[in-house]
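Colleague: Give me a 3D structure for the following:
(2 chains)
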There are 2 protein chains.
Amino acid sequence: MIIDGMGDRPIKELGYKTPLEAAKTPNMDKMAEMGINGIMDPIKPGIRAGSDTSHISILGYDPYEVYTGRGPFEAAGVGVDVVPGDIAFRCNFSTADPNGVITDRRAGRIREGTDRIAETINSMKLEDDVEVIFKESTGHRAVLVLRGEGLSDAVSDADPKHEGKAPKEVLPLDDTPEAKRTASLLNKFIKKSCEMLKDHPVNIERIENGENPANIIVPRGAGAVPHVQPFREKYGLKAACIAETGLIKGIGKITGMDLIDMDDVTGGVDTNIENIQKSIMETASKDYDFMLINIDGADEAGHDGQMEEKVEFIEKVDNIVGEMMKIDDVYFILTADHSTPISVMDHTGDPVPLIIKGPEVRVDDVKEFGERAATKGGLFRIRGRNIMDILMDLMNRSTKFGA
Amino acid sequence: MIIDGMGDRPIKELGYKTPLEAAKTPNMDKMAEMGINGIMDPIKPGIRAGSDTSHISILGYDPYEVYTGRGPFEAAGVGVDVVPGDIAFRCNFSTADPNGVITDRRAGRIREGTDRIAETINSMKLEDDVEVIFKESTGHRAVLVLRGEGLSDAVSDADPKHEGKAPKEVLPLDDTPEAKRTASLLNKFIKKSCEMLKDHPVNIERIENGENPANIIVPRGAGAVPHVQPFREKYGLKAACIAETGLIKGIGKITGMDLIDMDDVTGGVDTNIENIQKSIMETASKDYDFMLINIDGADEAGHDGQMEEKVEFIEKVDNIVGEMMKIDDVYFILTADHSTPISVMDHTGDPVPLIIKGPEVRVDDVKEFGERAATKGGLFRIRGRNIMDILMDLMNRSTKFGA
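Modeller: As a prediction, this is how the structure comes out:
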C-alpha cells in the first residue's frame, strides 16, 4: 500500500513535525508496533523519484531500463492495449486561436464530450503503415499512441507550456530516420487535429455556451512502450492493482496486473475514500496473491502546498489501514512512493518510512509511523528494489541462490 | 567465524524470541559488548543465500560471477585438485534394478567400501581426451570431475530425485557442441558405471549381507570450476579454513586456503565440538593471518525444524567463542551465513547478526548477541561483500583509493 507523496520534511507550523508525524494515525501506529520498520529510498538516496519510476522500482523492475517516459504508462492506464514498441504520448485538449496560438492549454478545463472528440481523432489517417490510437483521459488530458515500424520516441514536446504561444514544432532528438519520421508525423498530427476539430459538434456546442473549444491536440512526453516481464511470470503472483490515477493504473496494466475499477475516485483529497476501502476489501476476498494499492491525495496536497489538507488526508487513509488490518494471514507493506514536501510542492529525494507487518517478521520496538520513528526500526534503510525480494522471501516464494 | 544457518525468526514457543535470542550465550554476549554490532545481508536484502554463495560473498568474491553450481565446491572439498575449466558434478551411489530403475537413491545409505568403488570408477575411459576423476565423499555421496577441452556445464541432471524411476537422460541445456558432447559423455558414464559395478567385490559383499548394492552412479549439479583469484593473492593473507562440510572446505580449497583436517566432525548437532575447538586453537597458534571457521550444526537443526536442538547447539558453540576470546591481538568476526528458520526448515533471506571485535573498533552499546539486539549497533546493515573490506581496513592491510 503506497500512500502517494506522503513523505515530507519538518514544518515549523507543525512544531517541526512532518504532516505524517503530526497526523493522528492510531492504525498506522499500531501497524508499526506490530511490524518491522525502516526507511526506504525508492531509487537511490537523494534521487527524486516520480510516482512511475518509484512504483516500477518497488515492483522490482529497473526504472533506468524500463522507464522510457510517462506516455506509455498513461496510455496503458486509460485502457489502450499498448504493445512493446508502440510510441505513446500524453496530450492536452487545448484551445488555439485562428493563428494557431494556444489561448488555453486546458480548453476551458473541458470535462464533457472528450470521448466524442477522441472518436474523431481516432479515425485520423497519417500514413498507411502507421496506426493512430487516441483516447481521452480525465478532464483535458488524453493519450496518443502511434503504432508501426520505423518509429522512435526520440522526439521533442509540442506543448509550449504557456498560453500565448503556438505549439512548438516537434523535432527529432537524434539523427535516426525513425526520429525524423516520427517528428514529422507528430507535426502532421497536430495540424490535422485542428482541421478535424474546427467544426466538431462538441466544439460548436462549447462555443455556443461561451466555453473554450478543444480545437487542437498537443502531445508531449514521448515514450516507447517497454518490454516488461509480466509480474505474474516474474514472481508467480496473481496481482491486482487498485489505483486512482492513469499513471499508476498504467504501471499495473503494463506489468500485467488486473486493474480494479473504482467509482468516484479523483486522485485528490476529495476522493471517495470509502469506495477505495470497499474495493480493497472486496479484492482481498478474491483469488489474488498480491495487491498493489495506491492512494493519491497526499501527493496532491503536497503539490498544492496544502499542509492541513495533507494531514487530514493521511488521517482519512488511516481508517482504511485500520480496516485492512482485519485481513488475516497476509504480509502488509505500508509506505510511500516518494516525499512531496509542502515546502517544495514537488517530489523530493527524502526517503520514506516503511512498515512490514505479517507472520514471523522480526518485530522491532518502533511504536509509531513516521519518517523519523521509522529510522529506529529493524529494517534500517533499504531501497525500493529490495522490497519484492524481501516480500518474496517472507512469503516463501523465492528460490535459493546456491546450496 | 560463521555459525551456519544460525539466523532465525521469532518463535512463539520461545516467547517470540529467536533461538539465538533465547539461547544462553554469555560469551557471545560478552563479545557483542566488547565489539561493534550490526546486521548483514549475505548477498542482498531478501535474497536467499546458499551456504556456498554466502561464503563466497563474505570472502569478497562476487557469487553471481564465481558460482557456477555446487559441483566444483563439493569436488574441491573432498580433495580433488580441480582446475579452472573442469566440469564437476555431485553424484550419488545408488541402487538400480536389472531394468535400470533406481530402487534406492542412497544405496542403502552405504558407508563402507565407497573408496574401493571410487577407485574402479576412476579407471573409466570415456574418450581419449577426457579425464574422468571420481572420488567418494561422505556416505552415499561422491563427486565426478570431467577434465578436457570442449566440455560444458550446461547439461541437465541425471538424478530422477525419486525412487522407482530410471536415471533421466542427460540433455544439453544449450545449442553448443560442448554441451551436446558433455551430455553424451555423461550418459555414457552412467551406463558404464553400471557395467563396472555390477559384479564389484564391494557389491557382491553387500548383496550377501542383504544390503542394497551401489551399482550405479547418478550425477547432478554440473558446474564449471571457476577462475578464482587466490585469497592470498587478493588480500595478502595466509589463510586456513576450518570447516566440517565438503561444501565449505571446497570454498576454502578453491580460494587457495589451507584446509585443516578434523577428526570426528559430522556437520550436525552431534559433531565433536571439542575437536573443532582444539583445531581452532591449534591453528590460531600457527603462522596464519586469517582463519575461516564454519560450524554447521545450527543449520542442520534449522533444516530439521528442531528448535531445542538449535538452541542447545548455539549454546555449545558459545563455549568455543569463550575459548577463542582468549586469543590475543586479533580481529574477530562472529556471524552466520544465512538464516535457517525453524518454521521454514530452509534458508531464508532474513539478515543475520554480526559482531566485529578487536583493537580500535568503535565499540557500541549493544550488550547481547541476537538478530534484533544487533540492529542497535554501530555497523547498521551491511552486506557480505563489505566484510573483507572492513576487516582489511581494520588490519591496516588495504590500500588507499585516492590521495
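Colleague: how far away is A:Val321 from chain B?
Modeller: For A:Val321, the distance to chain B (Cβ to the nearest Cβ, to the nearest Å) stands at 23 Å. Where C-beta positions appear, they are placed from N, C-alpha and C, glycine not excepted.
Colleague: host element of that residue?
Modeller: A:Val321 belongs to helix A:307-324 when assigned by DSSP states H and E.
Colleague: can you give me the mean pLDDT across that helix?
Modeller: Average pLDDT, helix A:307-324: 98.
Colleague: quick one: that helix to chain centroid distance?
Modeller: Computed by Cα atoms, centre = their mean, to the nearest Å, the chain-centroid distance of helix A:307-324 equals 20 Å.
Colleague: Show me where the stretch 301-403 of chain A has its helices.
Modeller: Here the stretch 301-403 of chain A has its helices, by DSSP state H, counting those that start in this stretch, at A:307-324, A:387-394.
Colleague: Equivalent analysis for chain A, please.
Modeller: Here chain A has its helices, by DSSP state H, at A:19-22, A:26-34, A:51-58, A:63-66, A:71-77, A:114-122, A:177-197, A:201-208, A:231-235, A:246-254, A:273-284, A:297-303, A:307-324, A:387-394.
Colleague: which residues are contacting the fifth one?
Modeller: Read it as helix A:71-77. Helix A:71-77 has contacts (Cβ atoms under 8 Å, 6 or more residues apart in numbering or on different chains) with A:52, A:82, A:86-90, A:133, A:135, A:137, A:141, A:143-145, A:153, A:221-226, A:245-254.
Colleague: 7 Å instead, please
Modeller: With Cβ atoms under 7 Å, 6 or more residues apart in numbering or on different chains as the test, helix A:71-77 has contacts from A:52, A:82, A:88-90, A:137, A:143, A:145, A:221-223, A:225-226, A:246-247, A:249-251, A:253-254.
Colleague: What residues of it count as buried?
Modeller: Counting neighbours by 16 or more other Cβ atoms under 10 Å in any protein chain shown, one finds that the buried residues in helix A:71-77 are A:Gly71, A:Pro72, A:Phe73, A:Glu74, A:Ala75, A:Ala76, A:Gly77.
Colleague: Any chance of a markdown table for these, columns distance to B:Asp393 and pLDDT?
Modeller: Shown next, in a markdown table, are these (distance: Cβ to Cβ, whole Å; pLDDT from 0 to 100):
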| residue | distance to B:Asp393 | pLDDT |
| --- | --- | --- |
| A:Gly71 | 48 | 93 |
| A:Pro72 | 46 | 95 |
| A:Phe73 | 44 | 94 |
| A:Glu74 | 49 | 93 |
| A:Ala75 | 51 | 96 |
| A:Ala76 | 48 | 95 |
| A:Gly77 | 49 | 92 |
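Colleague: Determine which two of the residues you listed are furthest apart.
Modeller: Using Cβ to Cβ, the buried residues of helix A:71-77 span at most 10.6 Å, a distance reached by A:Gly71 and A:Gly77.
Colleague: Pick the most buried one from the helices of the stretch 301-403 of chain A.
Modeller: Of all the helices of the stretch 301-403 of chain A, helix A:387-394 has the most neighbours on average by mean count of other Cβ atoms under 10 Å in any protein chain shown, namely a mean of 22.
Colleague: Alright, that wraps it up for me.
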